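Participant: sequence plus the predicted model coming up.
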Amino acid sequence: MTIKRYLLIVILSSIVLATFSAALQGFKASNQKLNFVFDGEMRSIAFTLKNSPIAPSDFDVDTHSSFAFQIWKADKLIVKSKNAPSQKIANSTEEFGYRSFLGNHWRYFSLLDEHSHVIVAQPMPQRIESIEEVLLEAVLPIVIVIPIIGLIVYSAVNKALSPIRTLSESVMQKDASDLTPINIEANTTDLEPIQNTINGLLERLNAAFEREKSLASNAAHELRTPISVLKLNAHNLKIAFEAESIKEQNIDDLTANTERMAHVIEQVIALNRTTPENFDAKKTQFNISNLLQEVIASNFSKIDSQGQSVSLNATSMSIFADKFSLETLFDNLIKNAIKYSGIGAEILISATRNRDNITISVEDSGPGIHEDQLDKVMQRFYRVKHHEQTGSGLGLSIVSHIVALHKGNVTLGRSSLGGLRVDIVLPHLDIGNIDAG
């Protein structure tokens, strides 16, 4: 059953039920009120007859009404109406009562004293007919108006449900490839959250599909070269094996290219893992200075092998963020500094905080990046030309992606040490300093 049909059935049924309930209550009230009026009328007639100088008569009186009366004196009927029987209507001393005679059921009023007995009666069918006429006059306009009310209710419900019907039709018309937002012109306050929720879902679904396509594209694009190189290394190693002239260089080349492919795979997976859907739920409060120390420690063997020096200038400070993604971010920045700054270079990492933000800077004394390439290095798979070191071109792209998830910003520039400087600005929720370590 549709919402419109359900609402129409419920509303119209309620109106009809309320109308007939009101009619029933009106009938009861009218019955009580009119009986009271008729009883008062019979009482008035009885007292009028009692106090009137009516002489005995052998002729019945035509009252030209439905009321019947009898006047008795000393148990002798002295006068009566044409519609009254010759027998006494009421023998009891009760004022009001019911009696059947002349084929009708009557209500009577008995006025008895020492000298006379006056009885006035009225047929009950007349009373009921009068009550029905009053009720019909009251209810008939309502009954006539019910169809008009039905048309008004139908029009109102139809108009009120029009945005929902439009929304339903818009959703039903979409196929699996159509993830464009839904726009309902005749929107309402109640329907707007539903439209926003559906559009948000479509946006997230579209973003998820784009990420999946991007992941496949990234993997295919980046793994093609190392796989080709690995095939070449394997071919050279096979030739050297057959010639019994395997050299250490053959093994080193194979190892280096295997590590390069493993690094590319890790970077692609890291980029895919840091998505809006799994990001907010993983935010925690932690010490960012401790995290920087851990990332430096995990890369210290590479720093030492390059004869480089690294220093950390940061006080204990807390941040509410996703620890895994920030660890990936800092690891990329520090690895880039180690790889591209050169042997014996100096690497400086600092973290400062103001009222709203935390700024993390990673700078080195290497050759840096030319100004006309600073904007391009944030793009996926872009590599600085004329650079001795090879890479996946994903490191700074991942950094930019993670910073955007944290609603921060990243800037590249020239370091005071002579090389590249990367500044990461992140908003934070400060709950006070926490102990380091």
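Facilitator: Yes, it's here.

Participant: state the mean pLDDT of the host helix or strand of residue 142.
Facilitator: Using DSSP states H and E, residue 142 falls within helix 124-160. Mean pLDDT, taken over the full extent of helix 124-160, equals 81.

Participant: equivalent analysis for stretch 194-213, please.
Facilitator: Per-residue scores along stretch 194-213 average to 75.

Participant: in stretch 96-106, what's buried?
Facilitator: Within stretch 96-106, the residues scored as buried using 16 or more other Cβ atoms under 10 Å are 99, 101, 104, 106. Heads up, the C-betas are built off the backbone N, CA and C, glycines and all.

Participant: which of those fall in strands?
Facilitator: 99, 101, 104, 106 (DSSP state E).

Participant: quick one: which two of those residues are the most distant?
Facilitator: Within these, 99 and 104 form the most distant pair, 9.6 Å apart (Cβ to Cβ).

Participant: which residues sit in contact with the nearest residue to residue 351 once chain neighbours are set aside?
Facilitator: Take residue 351 and drop its neighbours on the chain: the residue closest to it by Cβ to Cβ, 6 or more residues apart in numbering is residue 314, 3.6 Å away. By Cβ atoms under 8 Å, 6 or more residues apart in numbering, the residues touching residue 314 are 288, 289, 292, 349, 350, 351, 352.

Participant: picking up where we left off before, export the ones in strands among the buried residues of stretch 96-106 to a markdown table and tack on pLDDT and distance to residue 139?
Facilitator: Output for these, formatted as a markdown table (pLDDT from 0 to 100; distance: Cβ to Cβ, whole Å):
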| residue | pLDDT | distance to residue 139 |
| --- | --- | --- |
| 99 | 89 | 32 |
| 101 | 86 | 33 |
| 104 | 88 | 27 |
| 106 | 91 | 28 |
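
Participant: that older thread, wait, which of the buried residues of stretch 96-106 is closest to residue 206?
Facilitator: residue 104 (84.4 Å).

Participant: ok, the nearest residue to that closest one once chain neighbours are set aside - contacts?
Facilitator: Excluding the flanking residues, the one nearest residue 104 by Cβ to Cβ, 6+ apart is residue 123, at 4.5 Å. The contact partners of residue 123, taken as Cβ under 8 Å, 6+ apart, are 66, 104, 105, 106.

Participant: the same query, at a cut-off of 6 Å, please.
Facilitator: 66, 104, 106 (Cβ atoms under 6 Å, 6 or more residues apart in numbering).

Participant: what about residue 398, neighbour count?
Facilitator: A count of neighbours around residue 398, defined by other Cβ atoms under 10 Å, yields 22.

Participant: which of the three states applies to residue 94?
Facilitator: Classification of residue 94 using DSSP: H, G, I helix; E, B strand; the rest coil returns coil.

Participant: adjust the sequence numbering to begin at 330 for everything that follows.
Facilitator: In the new numbering, first residue 330, that becomes residue 423.

Participant: what about it, distance to residue 571?
Facilitator: Look at residue 423 and residue 571: by Cβ to Cβ, to the nearest Å, they are 135 Å apart.

Participant: mind listing what's buried along stretch 348-357?
Facilitator: 348, 352, 356.

Participant: related to what we said a few turns ago, for the helix holding residue 471, name the packing helices and strands.
Facilitator: Where contact means 3 or more Cβ pairs under 6 Å, 6 or more residues apart in numbering; DSSP states H and E, helix 453-489 is packed against helix 332-379.

Participant: the inter-axis angle of the helix it packs on versus helix 453-489?
Facilitator: 160 degrees (axes from the mean of the first three to the mean of the last three Cα atoms, to 10 degrees).

Participant: pull up the pairing partners for the helix or strand just after helix 332-379, direction included.
Facilitator: Note on helix 332-379: by DSSP H and E, the next helix or strand toward the C-terminus is strand 397-402. Here strand 397-402 has these sheet partners by DSSP bridges: strand 405-409 (antiparallel), strand 446-452 (antiparallel).

Participant: so where is the stretch 630-766 of the chain shaky, pLDDT-wise?
Facilitator: 699-725, 758-766 (pLDDT under 70).

Participant: please enumerate the helices of it.
Facilitator: 652-670, 724-734 (DSSP state H, counting those that start in this stretch).

Participant: alpha carbons only: can I get the first one in PDB?
Facilitator: Going back to what we said before, that points to helix 652-670. Coordinates of each C-alpha in helix 652-670 appear next as PDB, following Å, rounded to 0.1, in the frame of the first residue of the first chain:
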ATOM      1  CA  LYS A 652      47.700   8.100  14.200                       C
ATOM      2  CA  PHE A 653      48.200   5.600  11.400                       C
ATOM      3  CA  SER A 654      47.800   8.200   8.600                       C
ATOM      4  CA  LEU A 655      50.000  10.700  10.300                       C
ATOM      5  CA  GLU A 656      52.700   8.000  10.900                       C
ATOM      6  CA  THR A 657      52.500   7.300   7.100                       C
ATOM      7  CA  LEU A 658      52.700  11.100   6.400                       C
ATOM      8  CA  PHE A 659      55.800  11.600   8.600                       C
ATOM      9  CA  ASP A 660      57.500   8.500   7.300                       C
ATOM     10  CA  ASN A 661      57.100   9.700   3.700                       C
ATOM     11  CA  LEU A 662      58.500  13.100   4.500                       C
ATOM     12  CA  ILE A 663      61.500  11.700   6.400                       C
ATOM     13  CA  LYS A 664      62.200   9.000   3.800                       C
ATOM     14  CA  ASN A 665      62.100  11.700   1.100                       C
ATOM     15  CA  ALA A 666      64.500  13.900   3.000                       C
ATOM     16  CA  ILE A 667      66.900  10.900   3.500                       C
ATOM     17  CA  LYS A 668      66.700   9.800  -0.100                       C
ATOM     18  CA  TYR A 669      66.900  13.200  -1.900                       C
ATOM     19  CA  SER A 670      69.100  15.300   0.400                       C
END
